[in-house]
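[1] what's the 3D shape of this:
(one chain, ligands or ions: 2)
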Amino acid sequence: SYRKGGYHAVRLADQFAAGRYIAQRKLGWGQFSTVWLAYDTKTSSYVALKIQKSAAQFVQAALHEIDVLSSVADSDPSNSKFVIQLIDHFKHTGPNGQHLCMVLEFLGDSLLRLIRYNHYKGLPLNKVREICKCVLIGLDYLHTDLGIIHSDLKPENILLCSTIDPAKDPFRSEHSPILERPEGNANGGVTSLIEKRLKSRARKAVAKISGRRESMGGSGDVENSGRVDGIDVRCKIVDFGNACWADKHFAEEIQTRQYRAPEVILKAGYSFSVDMWSFACIAFELATGDMLFTPKDGQGFSEDEDHLALMMELLGKMARKIATGGALSKDFFDRHGDLKRIRRLKFFPLDKLLIDKYKFSVNDAQEFSEFLLPLFDFAPEKRPTARQCLQHPWLKCPNEEENESSVNVEMSNLKIKGGK
Ligand code: ADP
Ligand code: MG
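    Ligands and ions are numbered 1, 2, ... in the order given. Below is the predicted model of the structure:
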């Protein structure tokens, strides 16, 4: 990819924007870009420099992301909304062409990495709560104030606020041992559950979830900051490359597979509530270490149909009107609202899953389910908004010995504009 139209190769200490930014080390990469830690000589601080590939379609995508990020930054001058801030942008000409570059505030590890550090065992519920509050404040801001749908919310696209001073610890190689992926069966849990379901339908058992995500494209992050214990769990929503406005969509197929809402699969139209669906999938994953839905295609049925089956096994049957109401409904459902190719569903409710498989206490399982289930309503308009969700009792669970969290402070600054 380091050729004409592709990535721009960066070497340590390379200069950008007429010497203002100096490259320090690679932070990560995505389908469209590489991201570098850079020193901003103007403000004497560290920033993340996202350097886009140079071909026309990547330039177009970057212009779109800059457009969205500019509106995010303009409406949040105090930077308190748990959404990544764009600091600057410019063009950089290199041997592979002209690259658009975004200068972003420097953040830490993604939630995916946090889940990995914890060896896919799930985080303590008080940490899950803190993360949920940040994400919800961020979503409320995007949805209510800006009319923006993120449309690719997933653990990779939520980054922890870095508490590491890169100046003191710029290369961090001494921390690499804790960054190793656990051997073998990452996500063995989900796999075995799915296998059971597959067998119950006499389908071919599908195993390994290696190469975890279909995702909108490959991405990777290079070793970065982060420790599980004592971590400041504030985080921010990043990657607005796929974002759109409620009144201006750019694509019909949105979201990364495992976090995709049912109305997207059925092509029944979508709005802000698709982000709420993904949010609930992420909350489950944080608490258990496993992705909630990992559909696979099989003999005679598609990944989409399997996905719908998995949703109904967990959440109950979809009302006929919803099941048959999308442009693609006929591909999956008969006129009674039953799946065409997957006839026998094995129902397994969420609270039971949390108790049986994840060893939640009955109380924890019930409270967490009560928080999540409304977000998994098959009727998108019935899902709570981010703002309504912020009022949920689960987020202020009193019977845990938590210190006054930094997030609660931010919460009190949240202006509630009428309504609940
Ligand atoms: P793409 O649009 O190409 O997928 P992303 O915006 O997702 O690019 O960034 C790619 C990776 O770079 C992320 O997964 C993350 O590891 C890293 N990254 C992105 N933004 C930042 C940031 N502000 N601070 C630190 N790391 C970042
Ligand atoms: Mg990305």
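[2] Can you show me the helices along this structure?
    56-74, 111-117, 125-140, 188-200, 262-265, 273-288, 303-315, 320-323, 329-332, 350-356, 362-372, 386-390, 406-413 (DSSP state H).
[3] tally of neighbours for the residue lying closest to Ile137 once chain neighbours are set aside?
    Take Ile137 and drop its neighbours on the chain: the residue closest to it by Cβ to Cβ, 6 or more residues apart in numbering is Phe82, 5.1 Å away. (Glycine included, C-beta is placed from N, CA and C.) Residues within reach of Phe82, counting by other Cβ atoms under 10 Å, total 25.
[4] I'd like to know how far Phe82 sits from ligand 1.
    Separation of Phe82 from ligand 1 (Cβ to the nearest ligand atom, to the nearest Å): 13 Å.
[5] count of neighbours near the closest residue to Gly325 other than its chain neighbours?
    In space, and not counting its chain neighbours, Gly325 is closest to Ala268: 5.4 Å by Cβ to Cβ, 6+ apart. Applying other Cβ under 10 Å, we find 18 residues neighbouring Ala268.
[6] who touches Ala268 in this structure?
    Ile322, Gly325, Gly326, Ala327, Ser329 (Cβ atoms under 8 Å, 6 or more residues apart in numbering).
[7] Closest one of the residues you listed to Ser369?
    Ranked by distance to Ser369 (Cβ to Cβ), the contacts of Ala268 are led by Ile322 at 21.1 Å.
[8] circling back: how about the contacts of Ala268 in CSV, adding pLDDT, neighbour count and distance to Ala365?
    Formatted as CSV, these follow (pLDDT from 0 to 100; neighbours: other Cβ atoms under 10 Å; distance: Cβ to Cβ, whole Å):
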residue, pLDDT, neighbour count, distance to Ala365
Ile322, 98, 20, 27
Gly325, 97, 18, 32
Gly326, 98, 19, 32
Ala327, 98, 11, 37
Ser329, 98, 19, 33
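[9] Switch those residues over to CSV; also include distance to ligand 2.
    Formatted as CSV, those follow (distance: Cβ to the ion, whole Å):
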residue, distance to ligand 2
Ile322, 31
Gly325, 31
Gly326, 27
Ala327, 28
Ser329, 31
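[10] which of the residues you listed sit farthest apart?
    Ile322 and Ala327 (13.3 Å).
[11] re earlier: surely the residue nearest to Ile137 meets Ile131?
    No - contact criterion Cβ atoms under 8 Å: Phe82 and Ile131 do not qualify, at 9.9 Å.
[12] any shared contact partners between the two?
    What both Phe82 and Ile131 touch, as defined by Cβ under 8 Å, 6+ apart, is the set Cys235.
[13] Now do the residue in the chain positioned nearest to ligand 1: how many residues are near it, please.
    Per Cβ to the nearest ligand atom, Gly30 is where the chain lies closest to ligand 1, at 2.1 Å. For Gly30, the count of nearby residues is 21 (other Cβ under 10 Å).
[14] That one contacts Asp239, doesn't it?
    Yes - with contact defined as Cβ under 8 Å, Gly30 reaches Asp239; the gap is 7.4 Å.
[15] before we move on, the earlier item: tabulate the contacts of Ala268 (JSON lines), appending distance to Cys389.
    Shown next, in JSON lines, are the contacts of Ala268 (distance: Cβ to Cβ, whole Å):
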{"residue": "Ile322", "distance to Cys389": "21"}
{"residue": "Gly325", "distance to Cys389": "25"}
{"residue": "Gly326", "distance to Cys389": "25"}
{"residue": "Ala327", "distance to Cys389": "29"}
{"residue": "Ser329", "distance to Cys389": "28"}
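[16] and which of these is nearest Pro349?
    Ile322 (19.1 Å).
[17] Quick one: residues contacting that closest one.
    Contact partners of Ile322, counting by Cβ under 8 Å, 6+ apart, are Pro262, Ala268, Phe378, Ala379.
[18] from those residues, which would you call buried?
    Buried members of the contacts of Ile322, scored by 16 or more other Cβ atoms under 10 Å, are Pro262, Ala268, Phe378.
[19] What distance do you get for the second one to Val83?
    So that's Ala268. Going from Ala268 to Val83 by Cβ to Cβ, to the nearest Å gives 28 Å.
[20] just the last one next, same as before
    If you measure Phe378 against Val83 using Cβ to Cβ, the figure is 28 Å.
[21] now do Arg234
    Between Arg234 and Val83 the distance is 12 Å, computed by Cβ to Cβ.
[22] which of those two has more neighbours?
    Each of Arg234 and Val83 has its neighbours counted (other Cβ under 10 Å); Val83 has more, 26 against 20.
[23] Thr385: neighbouring residues, count only.
    Thr385: 18 neighbours (other Cβ under 10 Å).
[24] go on, Gly300?
    10.
[25] Lys154 against Phe279, yeah?
    No - Lys154 is beyond contact range of Phe279, at 10.0 Å (criterion: Cβ under 8 Å).
[26] just to revisit the earlier point, list the contacts for the residue nearest to Ile137?
    So Phe82 contacts Cys134, Val135, Ile137, Gly138, Tyr141, Arg234, Cys235, Lys236, Ile237, Glu410 (Cβ under 8 Å, 6+ apart).
[27] let's see it at 6 Å
    Neighbour list for Phe82: Cys134, Ile137, Gly138, Lys236 [criterion: Cβ atoms under 6 Å, 6 or more residues apart in numbering].
[28] My guess is the third one contacts Val83. True?
    Spelled out, it's Gly138. Yes - contact criterion Cβ atoms under 6 Å: Gly138 and Val83 qualify, at 4.8 Å.
[29] which neighbours do these two share?
    Taking Cβ under 6 Å, 6+ apart as the contact rule, Gly138 and Val83 both touch Ile237.
[30] about what we covered before: tell me which two in the contacts of Phe82 are the farthest apart.
    Most distant of the contacts of Phe82, by Cβ to Cβ, are Ile137 and Lys236, 10.1 Å apart.
[31] lowest average confidence, helix or strand, in this protein?
    Of the helices and strands making up the chain, the lowest-confidence element is helix 188-200, at a mean of 37, by mean pLDDT, DSSP states H and E.
[32] and the stretch 1-150 of the chain, which of its residues are near ligand 1?
    With Cβ under 6 Å from any ligand atom as the criterion, the stretch 1-150 of the chain comes near ligand 1 at residues 27-33, 35, 48, 50, 84, 104-107, 110.
[33] Kindly recompute the last result at 8 Å.
    27-35, 37, 47-48, 50, 52, 61, 65, 84, 104-110 (Cβ under 8 Å from any ligand atom).
[34] Now the buried members of the residues you listed.
    27-30, 32-35, 37, 47-48, 50, 52, 61, 65, 84, 104-110.
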